Every structure is written in C-alpha cells, then in structure tokens.
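Visitor: Mind folding the following:
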Amino acid sequence: MFRSTTFRIAAALGLGAVVFAGSNPLPSYQRPVGAPPPGAEGVKIEENLGRQMDLRLTFRDEDSNIVSLQDYFHKGRPVIVNLIYYNCPMLCNLVLNGETEAIREIPWTPGNEYEIVTISIDPRETPELARQKKSTHLASYGRPAPGWHFLTDNDGSAKKLAELIGYHYRYDELQKQFAHPAGIMILTPEGKVARYLYGVRYKTRDVRFALAQASENRTTMALDKIMLLCYQYDPKTNSYVMFAQNFMKLGGLLTVLFIAGFIMKMLRAERHKMA
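Guide: Numbering: from 1, shown residues only. The predicted structure follows:
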C-alpha cells in the first residue's frame with residue numbers, strides 16, 4: 001500500500017515538473033501596486049465615459065479598402081472596440097481569446113444585435129495580417145459573424161482613436177514591442193464610450209449587460225479595474241518580460257504548491273492507516 005502511494009506521489013511530482021518545466025523564475029523586482037514598470041510610464045486606460053469618438057476617422061479593412069469608423073455605427077447597434085496589434089507575442093491574443101469565449105456564450109450575433117471593431121495600433125501591420133487574424137478568431141467563434149471587423153491603421157487614425165477613448169500605449173524601440181493595457185471598450189450606437197472591461201477574461205453576463213446598456217445610450221463605470229500591461233521590466237536580465245507570461249508561470253508555481261499539499265495529505269493519511 002505504501003509502495004502504491006509512493007508511486008502515485010512520484011507521478012504527481014512528474015506532473016508538477018511538466019507544468020513547471022521551461023518556466024524561468026519570476027523576476028525578483030517588485031514594484032509598488034499600480035506603478036508602471038520602467039519604460040511603460042503613462043501606459044493605462046483612462047475612462048472617458050460619455051466621450052464622443054470621431055467617427056470620421058478612416059482605416060483599412062481586411063480587403064485593403066479604406067473605411068470610415070462611421071460605417072460601423074448604425075441601426076442602433078452598440079459596438080465593441082478592441083485596440084490591439086496582430087503581431088503581439090502574448091497579451092493581445094489573450095484579449096481576443098477572452099472576448100471570443102465571452103461572446104460565444106451570448107445568443108446575439110455580431111452584425112445583428114451589435115458590432116465588433118478590432119483595430120491594430122501598429123501602423124506597420126497590413127490588411128493581409130488582419131485577414132489572417134480574422135479567419136483564426138471567426139473559426140474559434142464557431143458561427144458566422146458578419147459584424148466582426150478587423151482593421152489596420154490609416155494616416156494615424158488608430159493613435160487618434162486611442163487617445164480619444166483613453167487607451168494609452170507606448171512603443172519600445174529597444175524591445176520592438178508595444179507596452180499597452182488590456183481591455184475592451186463598449187460604445188453606444190452614436191459612438192460614445194459606455195463601458196470599459198478590463199483584463200483578458202470577460203464574464204459573459206458583464207459583456208451582455210454592457211451591450212444592453214450601451215444600446216440604450218447608457219454609461220456604466222467599471223467596478224473592477226484589473227490592469228495588465230503587455231510587459232514589465234526585469235533588472236536581472238536588463239530586459240522586458242511578458243507580464244502575462246509571468247502570470248502563467250505563477251499559475252505553474254501554484255500548481256506545484258497544490259501538488260505538494262496533496263502529497264503531504266496523502267502521506268499523513270498513509271501514516272494514519274499504518275499506525
């Protein structure tokens with residue numbers, strides 16, 4: 001019996017090793033709560049509830065056509081706005097995945113009850129890249145979504161929209177990455193900011209409620225402001241490391257601790273039986 005328990009413990013330890021393998025130790029640098037890492041000062045979401053967006057701003061759609069933001073605000077539909085960049089190595093994908101997961105559970109369809117406009121903040125990114133990203137996420141969504149649009153910048157419009165909506169980001173020349181917050185914005189049919197949802201996971205009921213409120217031209221202040229930045233500074237390597245990646249490493253550490261606790265519980269139970 002004890003040998004069988006030992007085998008199960010060894011297997012659990014092996015699982016823990018797989019979970020934790022390849023994860024570098026979390027950076028020792030600890031910054032004050034709410035303080036941005038060096039190089040990311042000013043990176044934040046500033047809530048501009050009720051502010052009117054400039055619907056004359058133009059972008060390029062997935063087919064390289066120049067489109068106006070006005071094209072997506074019509075027929076009384078609220079609009080979810082994502083500001084990301086398609087080549088983001090980590091956080092933007094998590095935002096899009098979280099959004100896709102949330103709207104998949106909503107009985108409404110983008111293009112019928114609401115619209116989604118996903119816009120790249122990187123002026124170098126192309127409509128072809130936007131088309132590829134659209135194909136990936138529509139496949140994940142699992143059903144037609146004619147109202148989900150993937151756009152790229154045109155004449156600096158992405159930056160102008162970001163400033164209006166309160167989405168502040170910076171480009172790091174050394175790392176060749178954008179430091180940016182994580183979240184989605186819900187706008188009214190007239191193009192006014194109605195709600196901010198933070199982080200990379202969104203509760204379906206929160207998204208649905210925000211869309212319903214926005215459709216009635218009502219604004220709602222966010223109760224939880226869980227801010228994630230795309231990277232943070234690690235002085236041990238003199239470089240920036242992905243915050244979201246470190247968050248996952250922490251999850252791996254918690255898994256190991258959970259397994260260790262389970263092992264201790266098993267050992268105590270075994271000793272009690274043998275006593």
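
Visitor: Every contact and neighbour count from this point should use C-alpha atoms.
Guide: Will do.

Visitor: residue ranges with poor pLDDT in this protein?
Guide: With pLDDT under 70 as the threshold, the chain has low-confidence stretches at 1-41, 222-258, 260, 262, 269-270, 272-275.

Visitor: Which parts of it are helices?
Guide: Taking DSSP state H, the helices of the chain run over residues 2-20, 91-104, 127-141, 157-165, 204-215, 243-274.

Visitor: tell me the angle of the third one relative to helix 91-104?
Guide: Computed with axes from the mean of the first three to the mean of the last three Cα atoms, to 10 degrees, the direction of helix 127-141 lies at 40 degrees from that of helix 91-104.

Visitor: Give the buried residues for helix 127-141.
Guide: Within helix 127-141, the residues that qualify as buried are 127, 129, 130, 131, 133, 134, 137, 141, counting by 16 or more other Cα atoms under 10 Å.

Visitor: And that helix, what does it pack against?
Guide: Packing partners of helix 127-141 (3 or more Cα pairs under 8 Å, 6 or more residues apart in numbering; DSSP states H and E): helix 91-104, strand 148-151.

Visitor: okay, stretch 96-110 in PDB with CA atoms only?
Guide: In PDB, the C-alpha atoms belonging to stretch 96-110 read as follows (Å, rounded to 0.1, in the frame of the first residue of the first chain):
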ATOM      1  CA  LEU A  96      -9.100  38.300 -28.300                       C
ATOM      2  CA  ASN A  97      -9.400  34.800 -26.900                       C
ATOM      3  CA  GLY A  98     -11.200  36.000 -23.800                       C
ATOM      4  CA  GLU A  99     -13.500  38.200 -25.900                       C
ATOM      5  CA  THR A 100     -14.300  35.300 -28.300                       C
ATOM      6  CA  GLU A 101     -15.000  33.000 -25.300                       C
ATOM      7  CA  ALA A 102     -17.400  35.500 -23.800                       C
ATOM      8  CA  ILE A 103     -19.400  36.400 -26.900                       C
ATOM      9  CA  ARG A 104     -19.700  32.700 -27.900                       C
ATOM     10  CA  GLU A 105     -22.000  32.300 -24.900                       C
ATOM     11  CA  ILE A 106     -24.100  35.300 -25.900                       C
ATOM     12  CA  PRO A 107     -27.200  34.400 -28.000                       C
ATOM     13  CA  TRP A 108     -26.700  37.600 -30.000                       C
ATOM     14  CA  THR A 109     -24.700  37.700 -33.300                       C
ATOM     15  CA  PRO A 110     -22.100  40.400 -34.300                       C
END
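
Visitor: what residues does it touch?
Guide: For stretch 96-110, the external contacting residues (Cα atoms under 8 Å, 6 or more residues apart in numbering) are 114, 116, 137, 140-142, 145-148, 200-204, 207-208.

Visitor: among those, which ones are buried?
Guide: For the contacts of stretch 96-110, buried by 16+ other Cα under 10 Å: 114, 116, 137, 141, 145, 147-148, 200-202, 204, 207-208.
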